[in-house]
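J.: Model the structure of this input:
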Amino acid sequence: VQLIESGGGLVQAGGSLRLSCAASGRAFGNYAMGWFRQVPRKVREFVAGINWNNGTDYEDSVKGRFTISRGNAKNTVYLQMNNLKPEDTAVYYCAADTYVDGMHYSTPEYDTWGQGTRVTVSS
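T.: You can find the predicted model right below:
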């Protein structure tokens, strides 16, 4: 499986972006998926996750603003980001656990990663 993110860019504070994560190979339907973000000199942090049953969870600072979802074709996962803030600026990564279902919050729990897409929020 290969993951390819898209949808990043430059947006003003208060604006919205939708990130997409497309899989080549197999469908996402039976994978636990997650979005992480990373800024320079900091560890990659959990943003949002979705399990096989489409249960979701979010990092506290994005709750109520970000939404993770699966596409109908089951080979795409989205991260809808609304009311963006400058502190959301980061490189965003999509990740998949192709072995075990559940809600995974740490990077070692995922075995497949995309290349990242940059999000910049200006004040």
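
J.: Okay, and the beta partners of the residue nearest the centre of the chain?
T.: The centroid of the chain falls nearest to residue 35 when counting by CA atoms, centre = their mean (2.3 Å). Counting by DSSP bridges, residue 35 is bridged to residue 48, residue 94.

J.: check contacts around it.
T.: Taking CB atoms under 8 Å, 6 or more residues apart in numbering, we find residue 35 in contact with 19, 21, 47, 48, 49, 68, 77, 79, 92, 93, 94, 95. The way it works is simple: take the backbone N, C-alpha and C, and place the C-beta from them, glycine included.

J.: Tell me where the model's unsure across this protein.
T.: Applying pLDDT under 70 to the chain flags the ranges 26-29, 74.

J.: 50 instead, please
T.: By pLDDT under 50, the chain contains no weakly predicted segment.

J.: what number of residues lie near the residue nearest to residue 79 when sequence neighbours are not counted?
T.: Using CB to CB, 6 or more residues apart in numbering and skipping the chain neighbours, the partner closest in space to residue 79 is residue 19 (4.2 Å). A total of 24 residues lie near residue 19 under the criterion other CB atoms under 10 Å.

J.: Provide a list of residues in contact with residue 19.
T.: Counting by CB under 8 Å, 6+ apart, residue 19 makes contact with 5, 6, 7, 8, 35, 78, 79, 81, 92, 94, 117, 119.

J.: Does the third one touch residue 20 like I think?
T.: Yes: proximity of residue 7 to residue 20 meets the contact threshold set by CB atoms under 8 Å, at 5.0 Å.

J.: what about the helix or strand harbouring residue 120, distance to the chain center?
T.: Assigned by DSSP states H and E, residue 120 belongs to strand 117-122. In terms of CA atoms, centre = their mean, to the nearest Å, the centre of strand 117-122 is found 14 Å from the chain centre.

J.: That strand - contacts with which helices or strands?
T.: Strand 117-122 sits against strand 9-12, strand 17-24, strand 90-97, with contacts defined as 3 or more CB pairs under 8 Å, 6 or more residues apart in numbering; DSSP states H and E.

J.: possible to save these as TSV with distance to residue 1?
T.: Below are the helices and strands packed on strand 117-122 laid out as TSV (distance: least, CB to CB, whole Å):
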stretch	distance to residue 1
strand 9-12	25
strand 17-24	6
strand 90-97	6
